[in-house]
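Asks: sequence and predicted structure, then a few things I'm wondering about:
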Amino acid sequence: MDTKGRLVAGSHNRNEFVLINADEIGRVTSVKELTGQICQICGDEIEFTVDGEPFVACNECAFPVCRPCYEYERREGNQACPQCKTRYKRIKGSPRVDGDEDEDEFDDLENEFDYNGNERRDHQHIADGLNFGRTASGITTPSELDASAVNSEIPLLTYGQEDDTISADKHALIIPPYMPRGKRVHPMPFTDSSMTLPPRPMDPKKDLAVYGYGTVAWKERMEEWKKKQNDKLQVVKHQGNRGGANGDELDDPDLPKMDEGRQPLSRKLPIPSSKINPYRMIILLRMAVLGLFFHYRLLHPVNNAYGLWLTSIICEIWFAVSWIFDQFPKWSPIERETYLDRLSLRYEKEGKPSELAAVDIFVSTVDPLKEPPLITANTVLSILAVDYPVDKVACYVSDDGAAMLTFEALSETSEFARKWVPFCKKFSIEPRAPEWYFAQKLDYLRDKVEPTFVRERRAMKREYEEFKVRINGLVAMAQKVPEEGWTMQDGTPWPGNNVRDHPGMIQVFLGQNGVRDIEGNELPRLIYVSREKRPGFDHHKKAGAMNALIRVSAVISNAPYLLNVDCDHYINNSKALREAMCFMMDPQAGKKICYVQFPQRFDGIDRHDRYSNRNVVFFDINMKGLDGIQGPIYVGTGCVFRRQALYGYDAPKKAKPPGKTCNCWPKLCCCCCSSRKKNKKGKSKDNKKKSKSRETKTQIHALENIEEGIEGIDSEKSSLMPQIKFEKKFGQSPVFIASTLLEDGGVPQGATSASLLKEAIHVISCGYEDKSEWGKEVGWIYGSVTEDILTGFKMHCHGWRSVYCIPRRPAFKGSAPINLSDRLHQVLRWALGSVEILLSRHCPIWYGYGCGLKPLERFSYINSVVYPLTSLPLIVYCTLPAVCLLTGKFIVPEISNYASIVFMGLFISIAATSILEMQWGGVGIDDWWRNEQFWVIGGVSSHFFALFQGLLKVLAGVNTNFTVTSKAADDGEFSELYLFKWTSLLIPPMTLMIINIIGVAVGISDAINNGYESWGPLFGKLFFAIWVIVHLYPFLKGFMGKQDRLPTIIVVWSILLASIFSLLWVRINPFLSRDGIVLEVCGLDCD
């Protein structure tokens, strides 16, 4: 994918394709096809050279001729250009012919005498016409498959370097086995020693071995290597090895070097029985107490306040049901431990290339004004500096807003990464996001022994500050959009000026063949992607953007694993990918894992976490409980996926062990049972055939005829699933479908850069998903703004399991909305997504039975979609205390001794359950209490609004547009903590707080007026009301903020609603007896 730093923009539907040079020279090349020219001899496309430029055979007239025709003309023809008749000169990469002049400007020994390889290549190109496959427009691209086979007689010992330890007479010419763009290059196969070569002058200063002459010291080095391997493998030899343990097995490259490398890469750590057993006993005891509680409540109605009593009973029953759905998935929580050293021993053997799997990392962003480019840049820098082989990492940044600000910021980021990445890896710093690294308030010299560290750190901090100034300058410039729209440096209009109508764009900033860091080392790939958008198409917001990234990454790099992070979630632990690979690449349990979910941790939150942004109870208690069942739910970021699981395939099924037979039964019984066994055997055979055919339909990733010219694809498998089914499932891109055949990832051999670029633009076109299963069974699932829950649910329904990984150092950290208004809007979006799932066909209450979803896992998914319904009983229950205080009624009759014991038992069991959960989950009481408070605040505001908006959206088709949650900027620590922005979500909790405060005041006044006897019944009502007020305490604390006060409109609306409600209650009291006025005997003696 070498675009030589050019932005690729185009539209598959409109047959447009543009390469834009965004440099200081600046030129625009609009072309009909990618290469711009067609060979005038054979009609195929003209390829790109290793330098990224189109191949030019004749430097005089530039007559379009492809390389195979050029080489054929030089070898078999008149060696001249067909148009201007100028003799062809030898071009780098082509073999010499008689009459060629000597070239001093380049040394091309590996291709200079490669006659046989080129003959075979030309024979393929011209005679066989082997093509990579059809493109979407029907034009085929020539294969770049190198038909040269490796000559086993010439071993490859070194890579382009002379070995001083070998004498000159035993030195062999060794060249790198892979050249840019995937072409394999081998030494000249000397098949005939008598063959004469054209004379070529040699440099007397160079060793003859450099020119390919001399013998090879192969035997001695091979013997030495075998001896070393035998010594290393002595540790894995076990006593009592039976059969087949011969000396040849020691040369097996798959055999681990050390016994430690054969151990599991992770293990489960169950919660100690001293903690979990009392917890389970308390849960059972609490259920028993709940039964006694409802038995008493139902049998003792309040006759003078029957409506209040009935309302409270309905609310309490719903609370009990929702508690059961939330509690039982936490029955068997577990923790996990990883072994990174074993992972390295198994997959990173000394002296060999790393065998760790490649990972494609997705970063999604939309609006650079709400998601500051500096935060996105820090996330990208932390990805590029991750502790993982650079050739195994590719970072894709999805700009769904097609903002030139994001594009320019990424360009600056790629330049700064050349300095930042080597600094991080040289000194092993953490975290590798510069903003957060330099902001750490700790001793940065601890454990640092390099004398140059202080000097280089100061220089790097200065470089980063200059980088920040450049980014801030871009942001300031982007505040005012020109009338004619943005233009690039070369004067080209920015293709994304119209956010709702623009072509797809791809820019490769960094890559394996691109810019290197300042120390000359390779950098991971960094690719900018903005999918095509046109009016009239449903683009499905974030889920659609993620699916576009799945496809474009499959075309370009096709790593078997994917990591998705939000633009504000940087990698805090540079070994996070290795942590995930300990589960994914485990030979035993890794094949059934669809994703590894990491907990979300946050920076920039106030010490008391007033609005429960950390959500510690969910991430440290609920998710550990789910990990003990079938795995945690997907939470939208910080998750490593298996690509094949996202393609909608079922999890691999474990083969059942053969049935055991018993020889102890008499022969008579055996005869009696023989007929049954035969029938069972016949049935089992039929079932096996059915399951086999079903398995091939869902599991085999193949395509008929698409693999022509692609090595490594099993044609026998491909015939099992016809092409039409693949196109209905994955869309009409043969290159993408071919990538799904490669379960271990990698781009199919023979794919040209031209075809890959065209297909990359094709798969991000706005109409690509039409009439396919994208968003239904493949990729991120559509139908909800919380696509994360739905996507994870579908994977679990396919039988996959997920894993929850909590490293000692948090893997990812992000920013959270710090003020209450933004926090409530975030919770509103989550709750609306749950309501959409609840009212869809994917609702876990009725979807997915008879598949691989476990019952307790289903409980957790049901709880995750029905919790917005709790807002209705919660609002009613929070209103009851004020009603009771204003009317003098209560929801409970006079409490007897038995009732007192039941109520105390219920409160004690609730407290004990919470304390034991905090104990085994490692959660502090502050975090638990903040979570309880915000459960009430969010329940009476965001969840309530989400419920009605979800009903309007599903039933009436009224769509609601949501803005992106603002990410915290660095405008001062906690500067927005007390800032209240106007939103209608603030009215319900404010109203509840005011009416309960009024109720408390009225109740106390009434008790004072009525004397001592009225204080007893008042205590229960006061406790009830104070419970509500204490849970709404963050609002009260917000009133005391120094920066801003509560907006007047909120106070006015809240007081108005509370007053209207109170007056209506006095005027129309539904709980007043309708039998007339009750007359009582006056206690005073009027005489």
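Replies: In hand now; what should we look at?
Asks: relative to P389, how far out is T637?
Replies: 24 Å (C-beta to C-beta, to the nearest Å). C-beta: built from backbone N, CA, C; applies to glycine.
Asks: these two: who's more crowded?
Replies: Each of T637 and P389 has its neighbours counted (other C-beta atoms under 10 Å); T637 has more, 21 against 18.
Asks: okay, and that one sits in which element?
Replies: In this structure, T637 is located outside every helix and strand according to DSSP states H and E.
Asks: mind listing what C884 touches?
Replies: 305, 308, 890-891, 999, 1021, 1024 (C-beta atoms under 8 Å, 6 or more residues apart in numbering).
Asks: show me where pLDDT drops low in the stretch 501-650 of the chain?
Replies: Residue ranges of the stretch 501-650 of the chain with pLDDT under 70: 512-514.
Asks: could you do the stretch 151-300 of the chain as well?
Replies: Looking at the stretch 151-300 of the chain by pLDDT under 70, you get 151-222, 225-261.
Asks: how about 50 then?
Replies: Where the stretch 151-300 of the chain drops to pLDDT under 50, the residues are 151-200, 208-215, 234-258.
Asks: ditto for the stretch 1-150 of the chain
Replies: Within the stretch 1-150 of the chain, the stretches with pLDDT under 50 are 23-35, 104, 115, 117-150.
Asks: what's the most distant pair in the contacts of C884?
Replies: The most widely separated members of the contacts of C884 are A305 and G999, with 14.9 Å between them, by C-beta to C-beta.
Asks: neighbour count: those two, which is higher?
Replies: Between A305 and G999, G999 has the larger neighbour count (other C-beta under 10 Å), namely 27 against 21.
Asks: and R297, how close does it get to A1025?
Replies: Counting by C-beta to C-beta - R297 and A1025 are separated by 20 Å.
Asks: more neighbours, those two?
Replies: Shown here are R297 and A1025; by other C-beta under 10 Å, A1025 has more neighbours (23 against 20).
Asks: list the contacts for the residue nearest to that one when sequence neighbours are not counted?
Replies: Spatially, and ignoring its direct neighbours in sequence, A1025 is nearest to P881 (3.7 Å; C-beta to C-beta, 6 or more residues apart in numbering). Counting by C-beta under 8 Å, 6+ apart, P881 touches 996, 999, 1021, 1024-1025, 1027-1028.
Asks: what subset of these is buried?
Replies: 996, 999, 1021, 1024-1025, 1028 (16 or more other C-beta atoms under 10 Å).
Asks: can you pick out the most distant pair from those?
Replies: Across these, the longest distance by C-beta to C-beta is 11.4 Å; it joins K1021 and V1028.
Asks: quick one: average confidence on stretch 939-953?
Replies: The pLDDT scores in stretch 939-953 average 88.
Asks: meant to ask about stretch 409-420, not that
Replies: 92.
Asks: of all the residues in it, which ones are buried?
Replies: 409-414, 416-420.
Asks: of these, which belong to helices?
Replies: 409-414, 416-420 (DSSP state H).
Asks: burial of F453, as a residue count?
Replies: 16.
Asks: can you give me phi and psi for D568?
Replies: phi -100, psi 10 (degrees, to the nearest 10).
Asks: verify the stated contact: it with S382.
Replies: No. Using C-beta atoms under 8 Å, D568 and S382 do not qualify as a contacting pair, with a distance of 11.4 Å.
Asks: those two: which has the busier surroundings?
Replies: More crowded of D568 and S382, by other C-beta under 10 Å: S382, with 30 against 23.
Asks: could you measure from the more buried one over to V363?
Replies: Taking C-beta to C-beta as the measure, S382 falls 10 Å from V363.
Asks: likewise for C594?
Replies: Taking C-beta to C-beta, one finds C594 at 21 Å from V363.
Asks: list the buried residues in stretch 304-323.
Replies: Quick answer for stretch 304-323 (16+ other C-beta under 10 Å): 305, 308-309, 311-312, 315-316, 318, 322-323.
Asks: with secondary structure, distance to A754 and pLDDT as new columns, can the residues you listed be given to me in a markdown table?
Replies: Shown next, in a markdown table, are the buried residues of stretch 304-323 (DSSP: H, G, I helix; E, B strand; the rest coil; distance: C-beta to C-beta, whole Å; pLDDT from 0 to 100):
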| residue | secondary structure | distance to A754 | pLDDT |
| --- | --- | --- | --- |
| A305 | helix | 80 | 83 |
| L308 | helix | 75 | 89 |
| W309 | helix | 77 | 90 |
| T311 | helix | 70 | 91 |
| S312 | helix | 71 | 91 |
| C315 | helix | 66 | 93 |
| E316 | helix | 68 | 92 |
| W318 | helix | 62 | 94 |
| S322 | helix | 57 | 92 |
| W323 | helix | 60 | 93 |
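Asks: and the helices in the stretch 601-750 of the chain?
Replies: Using DSSP state H, counting those that start in this stretch, the helices found in the stretch 601-750 of the chain span residues 616-617, 623-627, 643-646, 667-699, 715-718, 723-730, 734-740.
Asks: residues in contact with the first one?
Replies: In other words, helix 616-617. For helix 616-617, contacts defined as C-beta under 8 Å, 6+ apart pick out 921, 923-924, 927-928, 931.
Asks: ok, of these, which come out buried?
Replies: Using 16+ other C-beta under 10 Å as the burial test, the contacts of helix 616-617 include 921, 923, 927-928, 931 as buried.
Asks: max pairwise distance over these: which two?
Replies: G921 and N931 (11.4 Å).
Asks: correct me, but T86 touches C58?
Replies: Yes. With contact defined as C-beta under 8 Å, T86 reaches C58; the gap is 6.0 Å.
Asks: that's all I had, so thanks and see you.
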